[in-house]
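*Asks:* Return atomic coordinates for the entry below.
(one chain, ligands or ions: 1)
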Amino acid sequence: MRTALIAGNWKMHRTAAEARGLAEELRGVVGGTGASADVVVCPTFTSLQVVGEALEGSGISLGAQNMHWEKEGAFTGEVSAAMILTIGCIYVILGHSERRQYFAETDESVNRKLAAALDAGLKPIVCVGETLEQREAGQMEKVVLGQVRAALDGIPAEAIPGIALAYEPIWAIGTGRTATPAQAEEVHLLIRQFLRSIFGDRAADAVRIQYGGSVKPDNASELFSQANIDGGLIGGASLEMESFAAIVSAAG
Ligand code: PGA
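*Replies:* Just a heads-up that it's a prediction; the model follows:
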C-alpha cells in the first residue's frame, strides 16, 4: 500500500515571519494528529530556513517549489539542489504549471531538474496537467502522458518509486473548479498504466500520484479515497492551518 502524500504549496505567499507563524500553528495541530499521511510544506526560498526550524522534530517535512539543474555557476536568481537540500528540504516541486506557463519551464528543463534532484537525494514532486482547451479538444491523455514521458526520459526504473507525480489539471488550479473524483481517478489510472508499461509493476505500484487543483476540506476525502489517488498537492487551502489540517486528516 502507498502512503498518501499531502504537500502544501505556499506559492509566492507569506513573508519569512508570517511563514514561521503558519509553520508553528501547523506544528501544533498537524504534527500532533498522528496523521498516517506524509505531510510536506513548500514555502518560498526565503522562508525555507525559518519554516524548517519551526518544524524540526514535528514529522512535517520541508520542500522547495523549484530548483535549477546545474550544481552551481553563473545563473543569477537560481537555486541549486544542494542549496535546498542543505537547508533542510526533503522534497522539491518540479514543473508546476505556473512555472511552465509564466517562467518558460519546458518538458526538457523539468527532465533535467528531475535528474539533478534525484542525483542530490531529493524527493521530487513532478507536476503534469492539461489546459481546459486541451481537455475540450480531446487531447488530455496525449498531453498528460506526453509530459510524464518527457519528464521521466532517461530515469531508471529503480528511481521511480522515489518520485511523486502530481496530476494538476490547469483548469482546476486556484479556480474553485475541482476535477470530480471520477475525472481525476481516470487520469491517475492512465498515468499508472503508462508507468507500468514502461517501468514495470514494481515502479508503477510504488509511485505516488497526487491530485492537485482546488482541493478543499469538503472534497478531499472523496478524492483521496480513489484507488489511484495518493494524496494531494494543495495550494490555497494550505495557507490556513484549519483547512490544511482538515485535508491532512482526510488522507487518513
Ligand atoms: P490550488 O493550487 O489548490 O490553489 O488550486 C494547487 C496547486 O497549484 O498546486
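*Asks:* What parts of the stretch 151-252 of the chain come near the ligand?
*Replies:* 168, 173-174, 212-215, 233-237 (Cβ under 6 Å from any ligand atom). C-beta here means a position set from N, CA and C on the backbone, and glycine is covered the same way.
*Asks:* In space, what's closest to residue 124 - neighbours in sequence excluded?
*Replies:* residue 117 (4.4 Å; Cβ to Cβ, 6 or more residues apart in numbering).
*Asks:* Check residue 241 too.
*Replies:* Per Cβ to Cβ, 6+ apart, closest to residue 241 is residue 25, 4.1 Å.
*Asks:* before we move on, which element is the one you found in?
*Replies:* Using DSSP states H and E, the element containing residue 25 is helix 16-29.
*Asks:* ok, the following helix or strand past that helix: who's next to it in the sheet?
*Replies:* Proceeding C-terminally, helix 16-29 gives way to strand 38-42 as the next helix or strand, assigned by DSSP H and E. Here strand 38-42 is paired, per DSSP bridges, with strand 5-9 (parallel), strand 60-64 (parallel).
*Asks:* ok and the last one relative to helix 16-29, angle-wise?
*Replies:* On the basis of axes from the mean of the first three to the mean of the last three Cα atoms, to 10 degrees, strand 60-64 is oriented at 150 degrees to helix 16-29.
*Asks:* Identify all contacting residues around strand 60-64.
*Replies:* The contact list for strand 60-64, computed with Cβ atoms under 8 Å, 6 or more residues apart in numbering, reads 7, 23, 26-27, 30-31, 38-43, 45, 48, 51-52, 55, 79, 84, 87-93, 125.
*Asks:* mind redoing it with 6 Å?
*Replies:* 31, 39-40, 42, 52, 84, 88-92 (Cβ atoms under 6 Å, 6 or more residues apart in numbering).
*Asks:* do stretch 230-240 as well
*Replies:* In contact with stretch 230-240 (Cβ under 6 Å, 6+ apart) are residues 2, 4-9, 13, 37, 166, 208-212, 215-216, 243-244, 247, 251.
*Asks:* Out of those residues, name the ones that lie in helices.
*Replies:* The helices, defined by DSSP state H, take in 243-244, 247 from these.
*Asks:* which one of those has the most neighbours?
*Replies:* residue 247 (28 neighbours; other Cβ atoms under 10 Å).
*Asks:* Mind naming the longest helix for the chain?
*Replies:* Max-length helix for the chain by DSSP H is helix 181-199.
*Asks:* Please point out which parts of the very next helix or strand once past that one sit buried.
*Replies:* Going down the chain from helix 181-199, the next helix or strand is helix 201-206, by DSSP H and E. Buried residues in helix 201-206, defined by neighbour count with 16 or more other Cβ atoms under 10 Å: 203-204.
*Asks:* Return the list of helices and strands in contact with helix 201-206.
*Replies:* With contacts taken as 3 or more Cβ pairs under 6 Å, 6 or more residues apart in numbering; DSSP states H and E, helix 201-206 sits against helix 181-199.
*Asks:* which of the residues in the helix it packs on are buried?
*Replies:* So, applying 16+ other Cβ under 10 Å, buried residues of helix 181-199: 181, 184-185, 187-188, 190-192, 194-195, 199.
*Asks:* before we move on, the earlier item: out of the strands paired with strand 38-42, which gets nearest to the ligand?
*Replies:* Comparison of the strands paired with strand 38-42 against the ligand by Cβ to the nearest ligand atom identifies strand 5-9 as nearest, at 4.2 Å.
*Asks:* close to the ligand, is the closest one?
*Replies:* Yes. Applying Cβ under 6 Å from any ligand atom, one finds strand 5-9 in contact with the ligand at residue 9.
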